[in-house]
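>>> When you get a sec, could you give me coordinates for this:
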Amino acid sequence: MDEFVEEVQQVDFQEAQQSVSEDADALEEQEAVIEEPSALTADEQADEDTSPDGEESEDEEKPVSAEELEDLEQKRSILNNNAERHRRVRDELNSQTKEWKSKRDSLNSGVRELVEEAGKCREARDSFNQKVRETKVVRDEWNQKVTVLKEQIAHLRPERSSDDRNEVPVKQLKKQLQDLIHKQETSTLGMDKEKEIVKQISVIAKQIDERDRSYEQSGEIREIIQQLRDAKVQAEDAHRQVSEYAEAAQNSHDKMLKFYEEADTIRKEADAAQAKFIECKHAADEEHKKHIEQIKSVHEMDKNVTGIRNKKTTARKRKIDSESKREAKEIFERFKAGEKLSTDNLMALQKSGYL
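From the prediction side, this is the model:
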């Protein structure tokens, strides 16, 4: 093709025309290479409908101005900035949501631990209370046995002394002893009188002791007295255990209440953290919704701007193509008229389909 172009540039057009007339084969070859299109395509026909000065016909859609396109770009920028702002707020709220969730879970874990400890204390308290009830039964049984043994001893001990000995009954002696002790403790006495009462207390106590020992010489009474002493020891031991179990139950109960109070305090904090968690989550969801709405608007705006740009590009291309075809047509007419063509002219003919 380059050799053909150089040849056309160097050879005078008239000589080329004479050469074509003289050589029929060369003429047929030339006609095979350069010919006028027989028909226009649909796009070419649309270009032909364009006005000579390159402007679109009145039926075409009015093109968007640069100012209008710039306005659309500004609106898109605003929408994009809003979307970014909502995204940042959403992410910040999501971060706060995670923090409140972590705090809530930690507090709830603490509540569970305290409730478990309170439960252990409740079980211990109930166990001690059960032991209190069981030990009270044992204590009451021993107390009842003590009462029975005392009654047996009272029946075996004579209430009155024998006539030949003229003795005062032990019961009466014990009553005299209690009266003297009460008088000594509650009355204001002189030194001599108090010495006398002390002496009387000592004598009566000695008589009671001697009489008790004399009673214990009897085998039956001695055995019952020993049983009474053993029963008292058992009753006192059971009573001591009741007191210990009751104290342990009370301590476990107090600890249980303390754990429950601490759990209630922490549970309130956990409830507050849960409320904040829900608040932040709802706010984050709302910001996410707004972010998505703004993004959709941006995408819709992008479609509109892209469509407008594509239309403008298509219009410019059609205008350029139309001008190129008109130029090629003019060059082709000049060629047919015998005018010598330049390299640019031949390339224009080739681009437009004339070659």
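>>> Counting by contacts, list what the helix or strand containing residue 221 packs against.
In the assignment (DSSP states H and E), residue 221 maps to helix 219-336. Packing partners of helix 219-336 (3 or more C-beta pairs under 8 Å, 6 or more residues apart in numbering; DSSP states H and E): helix 42-48, helix 66-156, helix 191-216, helix 343-351. Quick note: C-beta positions are derived from backbone N, CA and C, even for glycine.
>>> quick one: it to helix 191-216, angle?
90 degrees (axes from the mean of the first three to the mean of the last three C-alpha atoms, to 10 degrees).
>>> and helix 219-336 with helix 66-156, angle?
Counting by the same axes, to 10 degrees, helix 219-336 points 170 degrees away from the direction of helix 66-156.
>>> Contacts only, for the residue lying closest to residue 149 once chain neighbours are set aside.
Once flanking residues are discounted, residue 149 sits nearest to residue 228: 4.1 Å by C-beta to C-beta, 6 or more residues apart in numbering. Applying C-beta atoms under 8 Å, 6 or more residues apart in numbering, we find residue 228 in contact with 146, 149-150, 153.
>>> For the residue lying closest to residue 273 once chain neighbours are set aside, grab the count of nearby residues.
Leaving out its chain neighbours, the residue that sits closest to residue 273 by C-beta to C-beta, 6+ apart is residue 104, at 3.9 Å. By other C-beta atoms under 10 Å, the residues close to residue 104 number 20.
>>> If we go by neighbour counts, what in stretch 70-81 is buried?
72, 76, 79-80 (16 or more other C-beta atoms under 10 Å).
>>> which one among those residues gets closest to residue 336?
Residue 336 lies nearest to residue 72 out of the buried residues of stretch 70-81, by C-beta to C-beta, at 48.6 Å.
>>> Can you give me the pLDDT of the closest one?
Reported pLDDT at residue 72 in the predicted model: 77.
>>> so it makes contact with residue 307?
No - with contact defined as C-beta atoms under 8 Å, residue 72 does not reach residue 307; the gap is 10.7 Å.
>>> okay, now residue 187: neighbour count?
Considering only other C-beta under 10 Å, residue 187 is surrounded by 10 other residues.
>>> Can you point out the buried residues in stretch 134-154?
Under 16+ other C-beta under 10 Å, the buried positions of stretch 134-154 are 135-136, 138-139, 142-143, 145-146, 149, 152-153.
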